[in-house]
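Visitor: no sequence on this one, just coordinates:
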Ligand SMILES: [Zn+2]
């Protein structure tokens with residue numbers, strides 16, 4: 001059961017958004033600023049995302065008539081302008097995902113603000129508008145980050161995990177819709193192996209890894225909830241993994257009882273049912 005059920009548009013049973021974080025080679029360059037550029041293997045692993053996987057994912061979305069959300073660090077947008085252009089051309093949303101994937105807890109809030117606004121400038125210049133949503137690198141949103149989102153008029157954050165469904169996060173600066181991720185629908189645990197940043201995992205087979213996301217989907221569908229995988233093009237956008245996802249997506253779209261939408265639309269829908277949402281708070285002063 002769900003403590004705070006939310007009705008979905010058109011009588012659909014489930015709300016859903018497939019989100020891709022296009023981190024690309026920002027990960028290795030940020031983790032190893034002194035010699036990351038010499039480490040061609042992890043650089044190439046990241047570059048596969050915007051250059052090979054994203055065109056594949058966009059092709060699937062076009063054939064299935066899906067409009068979804070991609071989160072991009074500002075540095076990645078600047079480095080891969082053709083990827084930004086292709087995503088926007090197909091009508092997808094691009095959310096704020098830091099400057100170069102710096103962990104907000106890895107430096108002072110002053111430095112974090114500078115990086116945040118550098119990425120904001122990139123979004124405005126390359127997309128023609130301020131982003132409506134944000135996801136923190138490694139989900140590490142701080143009270144300072146949430147405060148800045150509110151000051152800048154963001155509609156939603158997607159970093160915190162206090163419910164199964166979109167909820168309301170109250171902070172001293174106001175309130176924002178939180179669209180919660182969690183590690184069970186993140187593709188790092190099953191698919192990432194990244195020695196340079198200390199992430200050593202046994203890589204799962206495509207169906208085996210994706211099965212966990214499907215089980216999350218089935219559980220959410222059973223109670224009329226919400227499903228949002230957090231995927232990375234250089235991981236789930238690989239040939240065999242995306243083939244499994246694509247085959248499964250085709251089936252669920254045929255069944256027709258799910259509302260897939262970009263995060264911005266999901267946040268607007270949740271905001272229009274404000275009274276039904278769980279309320280959580282950020283206490284910046286005493287946190
Ligand atoms: Zn990321």
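Guide: Looks like it came in fine. Bear in mind that the values here come from a model prediction, so they are computed numbers and not experimental data.
Visitor: Could you pull up the contacting residues of residue 36?
Guide: 25, 28-30, 42-43 (C-beta atoms under 8 Å, 6 or more residues apart in numbering). Heads up, the C-betas are built off the backbone N, CA and C, glycines and all.
Visitor: How about residue 240?
Guide: residue 206.
Visitor: Could you identify the helix or strand that succeeds whichever strand or helix holds it?
Guide: Per DSSP states H and E: residue 240 is located in helix 239-255. Note on helix 239-255: by DSSP H and E, the next helix or strand toward the C-terminus is strand 258-260.
Visitor: Residue 136: which of the contacts of residue 36 is nearest?
Guide: residue 30 (13.6 Å; C-beta to C-beta).
Visitor: Apart from its neighbours in sequence, what residue is nearest residue 150?
Guide: residue 173 (3.9 Å; C-beta to C-beta, 6 or more residues apart in numbering).
Visitor: what's the spacing between residue 60 and the ion?
Guide: Distance from residue 60 to the ion, counting by C-beta to the ion, to the nearest Å: 21 Å.
Visitor: What backbone torsions are found at that residue?
Guide: phi -60, psi -50 (degrees, to the nearest 10).
Visitor: Now do the contacts for it.
Guide: So residue 60 contacts 66, 242, 246, 249 (C-beta under 8 Å, 6+ apart).
Visitor: hmm, who's touching stretch 42-54?
Guide: Under C-beta under 8 Å, 6+ apart, the answer for stretch 42-54 is 20, 22-29, 36-37, 70, 76, 79-80, 83, 86-87, 194, 196, 232-234, 237-238, 242.
Visitor: how about the residues of this protein near the ion?
Guide: 21, 23 (C-beta under 5 Å from the ion).
Visitor: Show me where the chain has its strands.
Guide: Using DSSP state E, the strands of the chain run over 14-16, 19-21, 69-72, 93-96, 133-134, 156-157, 167-171, 174-178, 226-227, 230-231, 258-260, 279-281.
Visitor: deepest of those, which one?
Guide: strand 69-72 (a mean of 28; mean count of other C-beta atoms under 10 Å).
Visitor: hang on, the earlier thing: how about the contacts made by the residue nearest to residue 150?
Guide: 146-147, 150-151.
Visitor: let's see 7 Å
Guide: Taking C-beta atoms under 7 Å, 6 or more residues apart in numbering, we find residue 173 in contact with 147, 150-151.
Visitor: now residue 216
Guide: 184-185, 227.
Visitor: mind giving me CSV with the contacts of residue 173 and columns for pLDDT?
Guide: Shown next, in CSV, are these (pLDDT from 0 to 100):
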residue, pLDDT
147, 97
150, 98
151, 97
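Visitor: rewinding a little: list only those of the contacts of residue 60 flagged as buried.
Guide: Applying 16 or more other C-beta atoms under 10 Å to these, the neighbour count classes 66, 242, 249 as buried.
Visitor: can you give me the helices for the protein?
Guide: 26-31, 40-48, 54-64, 74-79, 81-89, 109-127, 143-151, 188-191, 206-223, 233-236, 239-255, 263-271 (DSSP state H).
Visitor: for these, which one ends up most surrounded?
Guide: helix 233-236 (a mean of 27).
Visitor: Quick one: distance of that one to the chain centre.
Guide: 13 Å (C-alpha atoms, centre = their mean, to the nearest Å).
Visitor: just checking, what packs against it?
Guide: For helix 233-236, the packing partners by 3 or more C-beta pairs under 7 Å, 6 or more residues apart in numbering; DSSP states H and E come out as helix 40-48.
Visitor: ok, the residue in the stretch 51-200 of the chain positioned nearest to the ion - contacts?
Guide: Ranked by C-beta to the ion, the top residue of the stretch 51-200 of the chain for proximity to the ion is residue 137, at 5.1 Å. With contacts defined as C-beta under 7 Å, 6+ apart, residue 137 is in contact with 97-98, 101-103.
Visitor: Next: residue 130.
Guide: 120, 123-124, 152-153.
Visitor: nearest to the ion, of the contacts of residue 60?
Guide: Distances from the ion to those, taken by C-beta to the ion, are shortest for residue 242, at 18.3 Å.
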